[in-house]
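*Asks:* A predicted structure for the sequence below; I have some questions about it.
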Amino acid sequence: MTEYDRRAGEKLAALKRGQAAKVLAIETSCDETAAAVVENGRRVLSSAVHTQIPLHVPYGGVVPEIASRSHVQKIGPVVQRALEQAGMSLAQMDAVAVTNGPGLVGALLVGLSYAKGLAYAAGLPFLGVHHIASHIAANYLTYAELEPPFTCLVVSGGHSHIIAVEAYDRYRLIGRTRDDAAGEAFDKVARVLDLPYPGGPNLEKLALSGDPMKYTFHSAFNEGDGFDFSFSGIKTAVVNRLHNARQTGEKIDPADLAASFQRTVVDILTEKAVRAALLERGKTGGKLALAGGVSANKALRGALEKRSAEAGVAFYCPAFEYCTDNAAMVGAAAYGKLREGCVDDFSLNAIPYLSIEA
Ligand code: KG4
Ligand code: ZN
């Protein structure tokens with residue numbers, strides 16, 4: 001047994017005896033370098049996020065190599081900031097958790113390697129966390145009473161899923177996108193409307209002054225009674241509408257187009273998510289949570305809140321600061337695994353296409 005095994009083993013044994021767990025969490029899956037200290041998966045002692053948005057704006061999207069290089073520069077200071085804000089040292093932590101997939105492989109590797117180094121040096125248990133599980137766990141930071149099982153609509157830049165959260169670390173896929181993720185569709189439509197990166201929040205802003213009923217974009221696939229989504233056809237319909245107008249000289253207000261696109265996507269997500277929550281009601285008691293970067297969208301939050309209330313479903317969504325990528329949610333997700341005694345060894349790798357189902 002190595003010195004590390006002995007020290008980490010002692011920490012883990014203390015956690016199993018019910019000692020409070022302070023987790024140092026790290027997230028570098030895409031374009032945010034983030035670190036946080038979270039106690040018992042629910043109490044955020046600090047959350048530091050360095051966003052790379054200004055670096056990627058000139059390219060209209062995330063450039064993977066630029067993202068990795070920026071993570072390498074910022075990871076040290078961001079971790080230090082998280083510890084300082086919590087008023088604690090590395091030696092006072094009980095575990096180190098890090099996102100190990102899905103995401104950009106070069107970006108993931110920075111956080112993963114850094115987290116391994118910290119865990120090894122401090123003799124702390126180490127574990128990798130699934131990025132989507134983290135987004136889901138962002139809800140635990142906002143609702144102290146929320147526990148699995150519940151249904152969750154996960155909408156981010158890379159994923160659109162309806163997931164049955166059966167336990168803290170057990171997930172079942174109910175529906176998924178067949179093509180683009182919801183956030184990706186927002187970003188692509190924003191781009192054709194000449195809005196700067198990141199497209200989603202900028203499109204939402206533009207939509208505020210538009211008429212959401214001005215244009216209709218039908219999608220036979222989404223009107224079916226399945227739980228899978230398809231957004232690429234809607235995106236193409238918006239792009240075609242804009243090109244046709246440009247060719248014929250018809251004047252189109254981009255705000256109307258943005259608002260109509262947003263309404264279409266929000267309607268599809270809301271209808272399927274609430275129907276899935278009702279289907280699962282026998283197991284969950286009727287609980288629907290929202291997660292992922294697009295959960296910051298107020299139109300989506302509002303529509304889900306309204307339709308959930310009408311359907312008798314309890315609706316949960318993370319505080320705004322925990323909607324887009326952050327490390328506090330990683331600390332929340334890690335606690336669910338730690339409670340089960342799930343830790344990883346230092347051979348853990350970054351997995352760009354990691355599945356959330358066991
Ligand atoms: O979860 P996230 O921060 O990163 C991924 O894991 O992908 O999600 C980023 C995605 C981007 O596509 C971004 O445009 C979208 O979430 N997004 C939004 C809003 N805020 C972020 N989409 C629509 N409305 C928003 N307010
Ligand atoms: Zn994310």
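*Replies:* Thanks, I have it. Ligands and ions are numbered 1, 2, ... in the order given.
*Asks:* which residues are in contact with stretch 306-324?
*Replies:* 32, 47, 138-139, 141-143, 146, 150, 270-271, 274, 277-278, 281, 285-293, 295-296, 301, 304-305, 328-329 (CB atoms under 8 Å, 6 or more residues apart in numbering). For glycine as for every other residue, the C-beta is placed from the backbone atoms N, C-alpha and C.
*Asks:* Kindly write the ChimeraX command that selects the buried subset of the residues you listed.
*Replies:* In ChimeraX syntax, the buried subset of the contacts of stretch 306-324 is picked out as below (16 or more other CB atoms under 10 Å):
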select :32,47,138,139,141,142,143,146,150,270,274,277,278,281,286,287,288,289,290,291,292,293,295,296,301,304,305,328,329
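*Asks:* Show me the contacts of stretch 306-324 that map onto helices.
*Replies:* 138-139, 141-142, 270-271, 274, 277-278, 281, 301, 304-305, 328-329 (DSSP state H).
*Asks:* Which one of these is nearest to Asp225?
*Replies:* Proximity of the ones in helices among the contacts of stretch 306-324 to Asp225 was ranked by CB to CB; the top entry is Glu271 with 10.0 Å.
*Asks:* List the contacts of that closest one.
*Replies:* Counting by CB under 8 Å, 6+ apart, Glu271 touches Arg307.
*Asks:* and if you look at the one 4 residues further on?
*Replies:* Under the criterion of CB under 8 Å, 6+ apart, the contact partners of Arg275 comprise 225, 227.
*Asks:* Distance check, it against Thr264.
*Replies:* Look at Arg275 and Thr264: by CB to CB, to the nearest Å, they are 17 Å apart.
*Asks:* likewise Gly293?
*Replies:* Gly293 sits 19 Å away from Thr264, going by CB to CB.
*Asks:* Kindly report the same for Ser232.
*Replies:* Separation of Ser232 from Thr264 (CB to CB) stands at 13 Å.
*Asks:* Show me which of those two is the more surrounded one.
*Replies:* Per other CB atoms under 10 Å, whichever of Ser232 and Thr264 has more neighbours is Thr264, with 22 against 16.
*Asks:* For the nearest residue to the more buried one once chain neighbours are set aside, which three-state class applies?
*Replies:* In space, and not counting its chain neighbours, Thr264 is closest to Phe217: 4.8 Å by CB to CB, 6 or more residues apart in numbering. Per DSSP: H, G, I helix; E, B strand; the rest coil, the secondary structure class of Phe217 is coil.
*Asks:* what's around Phe217, how many residues?
*Replies:* With neighbours defined by other CB under 10 Å, the count for Phe217 comes to 20.
*Asks:* Contacts only, for it.
*Replies:* With contact taken as CB under 8 Å, 6+ apart, Phe217 is in contact with 234, 237-238, 241, 260-261, 264.
*Asks:* Can you say which two of these are spatially most distant?
*Replies:* Using CB to CB, these span at most 11.7 Å, a distance reached by Arg241 and Thr264.
*Asks:* Where does pLDDT dip in this structure?
*Replies:* Counting by pLDDT under 70, the chain contains no low-confidence range.
*Asks:* Please, where are all the strands along it?
*Replies:* Per DSSP state E, the chain carries strands over the ranges 22-27, 32-39, 43-51, 95-101, 126-130, 150-155, 160-167, 170-176, 287-291, 314-316.
*Asks:* Give me the distance between the residue nearest to Ala259 when sequence neighbours are not counted and Asn297.
*Replies:* Computed as CB to CB, 6+ apart, the closest residue to Ala259 that is not its neighbour in sequence is Gly210, at 3.2 Å. Distance from Gly210 to Asn297, counting by CB to CB: 14 Å.
*Asks:* So those two - more neighbours on which side?
*Replies:* Set side by side, Gly210 and Asn297 show more neighbours around Asn297, with 25 against 20, by other CB under 10 Å.
*Asks:* Now that one, what are its backbone angles?
*Replies:* The phi/psi pair for Asn297 (degrees, to the nearest 10) reads phi -70, psi 120.
*Asks:* Report the contact partners of it.
*Replies:* Residues near Asn297 by CB under 8 Å, 6+ apart: 186, 200, 204, 262, 266.
*Asks:* so what's the second one up against?
*Replies:* Applying CB under 8 Å, 6+ apart to Gly200 gives the contacts 157, 183, 186-187, 190, 293-294, 296-297.
*Asks:* The residue nearest to Ala259 contacts Arg263, correct?
*Replies:* No. The criterion here is CB atoms under 8 Å, and Gly210 misses it with Arg263 at 9.4 Å.
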